[in-house]
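Undergrad: Pasting a predicted model and its sequence here:
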Amino acid sequence: MPENKQKTNSMDTDNSIKTKATLLLVDDDPLILEGLGFMLRKQYKLITADSRHQAIQKINTDNGLPSLALIDLGLPPYPHKPDEGFALIRELLSLQPNMKVLVLSGQDNNVNIQHALTIGAVDFIAKPAEPDLLIARLKHHQRLHEIDQQRDSQKTVSLIGDSVAMQMVNEQIMQFADSPFPVLIEGASGTGKELVARALHDNSIRSNEPFLAINCAAIAPDLLEAQLFGHAKGAFTGATQEHKGFFIEVGNGSLLLDEIGELPKALQSKLLRVIENGEFYRVGETKELHSKARVIAATNRTLAEEVRNGDFRNDLYHRLSILNIMMPPLSSREDDVFLLLNAFIKAYADTVSPFILDEGARNLWQTYDYPGNVRELRNIVIRLGTKYPGQSVNKEQLTAELETELSAINLVENTSSISDDVIMHKMRANEFDLDEVIHEIESRSIRIALEMYDNNVSKAAKALKINRTTLYSRVQKLGTN
């Protein structure tokens with residue numbers, strides 16, 4: 001967060017944290033919020049919440065995003081399941097990819113631990129936790145966050161990778177850098193889309209101008225227009241002072257619109273007007289303003305499909321995609337995984353001890369799919385360096401850090417992998433409940449479909465191959481169980 005928002009913490013004698021960092025604490029137990037809050041307020045500027053919705057709402061209204069988050073997995077309305085916690089991890093990292101999200105939860109089975117780490121959490125601490133351990137882990141990850149901040153502030157000449165796919169990306173960066181036209185960067189989460197945007201800016205004639213990024217999915221739709229274009233004092237409730245807006249603040253620099261697929265339809269026409277002729281209006285004003293910013297857009301969606309579905313304007317898509325860069329998944333980047341391994345070991349060397357992989361671990365390192373892409377690989381490096389400082393890591397030790405079975409995603413595979421013997425054993429022990437198994441699969445499938453399509457019931461129903469009204473009734477039924 002900005003330096004002027006931080007206060008000196010005279011109580012903290014550790015040189016690694018000289019000022020109060022902002023920490024988001026999320027737990028549905030008021031006693032835990034009160035107890036941990038009392039302890040952590042001595043060293044952190046604390047934001048507390050008891051649900052995923054409240055957490056996102058609070059950090060959207062706070063000045064500056066937290067650098068750390070300590071969250072429970074079991075949150076309302078499903079406190080006995082990890083789904084809300086997993087969803088919160090994804091949302092927090094979409095707001096701030098460098099945020100260090102630590103999980104503090106009693107739902108600490110191996111599947112939950114591995115899935116949380118794969119989607120971006122940096123640590124998993126089982127409840128109940130020793131206060132000294134908790135403070136030590138938070139300080140450790142705060143230091144890693146500072147290293148990330150320092151690295152991101154340095155100019156990027158090219159992205160790490162010798163694979164054919166990354167050579168093409170680096171060539172496109174150099175080809176497109178000085179062009180005045182927008183660039184659309186597409187690719188899965190964790191592939192490095194923001195790094196590409198920064199590289200486009202840093203290698204351009206605009207490199208001495210500002211580079212600003214805004215996440216279109218992280219700001220409430222009714223506030224996003226004011227953030228982008230600015231607003232006059234008193235333009236709406238809560239507008240106690242004027243705001244210039246990103247298009248004015250960036251000047252002749254580059255503006256990254258991350259998660260552009262989440263941009264509300266009402267704003268898409270206004271963005272198109274800015275791109276076409278630079279014209280826009282601040283909220284609450286009628287004076288026409290002009291922008292000379294270079295627009296870079298990024299998305300983990302397939303925008304062409306969004307256009308076909310009527311969720312994204314066709315004319316805006318064609319304006320944004322004049323120049324296009326497709327970020328490859330890490331699984332298709334061959335030996336780049338070893339270059340990234342060495343790069344992250346070096347980048348975190350002053351906080352995380354180096355380690356080496358033995359032959360079995362190296363083979364696994366190369367063949368693993370990395371569903372979380374580069375972000376997941378980075379987190380694995382940090383965990384291995386913390387657990388095995390200066391040691392040789394074997395295949396079994398590495399396997400423990402990988403998510404080889406995702407029960408929250410591969411539902412059919414994991415269900416079919418339950419052996420007949422296990423089912424018979426549970427039946428004999430009177431522990432098998434078919435309704436419970438069916439209910440669990442139905443609940444997860446509906447939750448995943450709604451997440452995939454941003455709570456669009458029609459699309460979710462189509463994906464589930466059920467009627468829209470049937471989905472409504474099942475959601476209501478599940479909500480009352």
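TA: That came through fine.
Undergrad: So which elements touch the helix or strand that contains Glu436?
TA: Using DSSP states H and E, Glu436 falls within helix 434-452. Other elements packing on helix 434-452 under the criterion 3 or more CB pairs under 8 Å, 6 or more residues apart in numbering; DSSP states H and E are helix 83-95, helix 411-416, helix 457-464, helix 468-480. (Each C-beta comes from the backbone N, C-alpha and C, glycine too.)
Undergrad: Thr22 looks like it's in a strand, true?
TA: Yes. Assessed by DSSP: H, G, I helix; E, B strand; the rest coil, Thr22 belongs to a strand.
Undergrad: was I right about it contacting Gly64?
TA: Yes. Under the criterion of CB atoms under 8 Å, Thr22 makes contact with Gly64 at 6.3 Å.
Undergrad: Looking at the two, which has the bigger crowd around it?
TA: In this view Thr22 and Gly64 are compared by other CB atoms under 10 Å, and Thr22 has more residues nearby, 21 against 14.
Undergrad: what's Asp148 in contact with, if anything?
TA: Each residue near Asp148 by CB atoms under 8 Å, 6 or more residues apart in numbering is listed here: Asn98.
Undergrad: A strand includes Leu25, no?
TA: Yes. Counting by three-state DSSP, Leu25 is located in a strand.
Undergrad: That one: neighbour count?
TA: 24.
Undergrad: Just list whatever residues bridge to it.
TA: When bridges are called by DSSP bridges, Leu25 pairs up with Thr48, Leu70.
Undergrad: What separation do you get for it and Asp350?
TA: 28 Å (CB to CB, to the nearest Å).
Undergrad: What of Ala177?
TA: Distance, Ala177 to Asp350, using CB to CB: 32 Å.
Undergrad: Mind pulling up the pLDDT for Thr469?
TA: Per-residue pLDDT puts Thr469 at 72.
Undergrad: and the gap between it and Lys459?
TA: Distance, Thr469 to Lys459, by CB to CB: 15 Å.
Undergrad: And Val283, by the same measure?
TA: Applying CB to CB, the value for Val283 to Lys459 is 31 Å.
Undergrad: Then Leu398?
TA: Leu398 is 38 Å from Lys459, where distance means CB to CB.
Undergrad: If you count surrounding residues, which of those two has more?
TA: Leu398 (21 against 17).
Undergrad: out of everything not next to it in sequence, what's closest to the more buried one?
TA: Using CB to CB, 6 or more residues apart in numbering and skipping the chain neighbours, the partner closest in space to Leu398 is Ala361 (4.5 Å).
Undergrad: buried ones in the helix or strand where the one you found lies?
TA: Using DSSP H and E, Ala361 sits within helix 359-367. Neighbour counts using 16 or more other CB atoms under 10 Å place 361-362, 364-365 of helix 359-367 among the buried residues.
Undergrad: If you count contacts, what does that helix end up packed against?
TA: Here helix 359-367 touches helix 336-347, helix 395-399, going by 3+ CB pairs under 8 Å, 6+ apart.
Undergrad: Any chance you could list what contacts it?
TA: 335, 337-338, 341, 357, 393-395, 397-399, 402.
Undergrad: Give me the distance from the helix or strand following that helix to the chain's centre.
TA: Counting by DSSP H and E, the next helix or strand C-terminal to helix 359-367 is helix 373-387. Centroid displacement of helix 373-387 relative to its chain, using CA atoms, centre = their mean, to the nearest Å, is 16 Å.
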